[in-house]
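Peer 1: any chance you could fold what I've pasted below:
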Amino acid sequence: MLLIDAKNISFSYQKKEVLNDINFELHQGDILSLIGKNGCGKTTLLKILLGIYKSSGDIKILSKNINDYKNKELAKLISYVPQTHQIPFDYTVFDVVLMGRLAHINLFSNYSQKDIEITIKNLEKVGILHLKDKIYSQISGGERQLAFIARALTQNAKIIFMDEPVTGLDYGNQLKLLKFLKELANEGYTFVKTTHYPDHALYASNKVMMLKDGKVLDYGTVDDKLTVENINQLYDVNVEIISKENYKFCIPKI
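Peer 2: The predicted structure is shown next:
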């Protein structure tokens, strides 16, 4: 099922072009990795797809123009896990995840028993139910990331955008998080994530878009497009892609 159809997306900050003629499609169950150097427009593209920035071109979400959605309608379809997420008050992990239900209740309504049950279910799903009464600001970076994924699931949006999801995570938690995204994709969730690591795109994505200077260097399936030649053009480095037991990874070519 086609979820997002983006055509001819361009965007400028005060006459400085940031994105130029971006085109892609996103289907249910896809994990799309956006890769490229800092400043290439990855995060800007996420914010356009979230409806935060207005661009030229045409973006359709489930065949409906993004500009025709109200904010609350869009929040029921798309959720966002930011790169960093500091909560200014001493909310518990449960409270932070429960906030995902705000898209489904009226402004002055209380949370229902159903909202609470959905929150508990998703805390359990991501493996942090035992942390529900902990203060969010006092848990580890990896646990916070899982809490925000639980909040995205609690929001009941089937499309999840993630900006550098492994930032601040140790190696073990990086792999656990990427493995979890693949499991969720198999359940029908769809992801767009930015990353600096071609290895992570090779491991956890089926699609890749490489951005260079605000333009698409290449886009398509990971196996076809995340090549040695494209990585060299993107990052100005020489690498070799090694395949072992159905897993691909990059190593520097000396």
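Peer 1: so residue 30 touches residue 190, yeah?
Peer 2: Yes - in this structure, residue 30 is within contact of residue 190 by C-beta atoms under 8 Å, at 5.3 Å. Yep, even glycine has a C-beta here, placed from its N, CA and C like the rest.
Peer 1: which neighbours do the two share?
Peer 2: Residues touching both residue 30 and residue 190 (C-beta atoms under 8 Å, 6 or more residues apart in numbering) are residue 3.
Peer 1: neighbour-wise, which of those two wins?
Peer 2: Taking neighbours as other C-beta atoms under 10 Å, residue 30 and residue 190 compare with residue 190 leading, 22 against 19.
Peer 1: show the contacting residues for the more buried one.
Peer 2: 3, 26-31, 158-160.
Peer 1: run a quick neighbour tally on the closest residue in space to it that isn't next to it in sequence.
Peer 2: The shortest distance from residue 190 to any non-neighbouring residue, by C-beta to C-beta, 6 or more residues apart in numbering, is to residue 159 (4.9 Å). If you count neighbours by other C-beta under 10 Å, residue 159 ends up with 22.
Peer 1: ok, now residue 198?
Peer 2: 26.
Peer 1: how about the one 5 residues further on?
Peer 2: Residue 203: 19 surrounding residues under other C-beta under 10 Å.
Peer 1: repeat that for residue 61.
Peer 2: 22.
Peer 1: now, the most widely separated pair of the contacts of residue 190?
Peer 2: Greatest spacing in the contacts of residue 190, by C-beta to C-beta: 27 and 160 (14.4 Å).
Peer 1: comparing those two, which shows the higher neighbour count?
Peer 2: Higher neighbour count among residue 27 and residue 160: residue 160, with 24 against 14, using other C-beta under 10 Å.
Peer 1: distance check, the more buried one against residue 80.
Peer 2: Remark: distance between residue 160 and residue 80 (C-beta to C-beta, to the nearest Å) = 8 Å.
Peer 1: what do the two both touch?
Peer 2: residue 152.
Peer 1: so where's the stretch 151-254 of the chain uncertain?
Peer 2: Within the stretch 151-254 of the chain, the ranges that satisfy pLDDT under 70 run 254.
Peer 1: which stretches of it form helices?
Peer 2: 171-186, 198-204, 222-225, 228-235 (DSSP state H, counting those that start in this stretch).
Peer 1: CSV for those, including distance to residue 94?
Peer 2: Formatted as CSV, those follow (distance: least, C-beta to C-beta, whole Å):
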stretch, distance to residue 94
helix 171-186, 20
helix 198-204, 28
helix 222-225, 36
helix 228-235, 41
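Peer 1: deepest of the ones you listed, which one?
Peer 2: Stretch with highest mean neighbour count among the helices of the stretch 151-254 of the chain: helix 198-204 (a mean of 22; mean count of other C-beta atoms under 10 Å).
Peer 1: packing partners of that one?
Peer 2: When contacts are defined as 3 or more C-beta pairs under 8 Å, 6 or more residues apart in numbering; DSSP states H and E, helix 198-204 sits against strand 31-35, helix 171-186, strand 247-252.
Peer 1: starting at the chain centroid, how far to that helix?
Peer 2: Mean-position distance between helix 198-204 and its chain equals 14 Å (C-alpha atoms, centre = their mean, to the nearest Å).
Peer 1: need the residues that contact it.
Peer 2: Residues contacting helix 198-204 (C-beta under 8 Å, 6+ apart): 31, 33, 35, 166, 174-175, 178-179, 181-182, 195, 208, 222, 226, 231, 239, 241, 247-250.
Peer 1: tell me which residues of stretch 20-30 come out buried.
Peer 2: 20, 22, 24, 26, 29-30 (16 or more other C-beta atoms under 10 Å).
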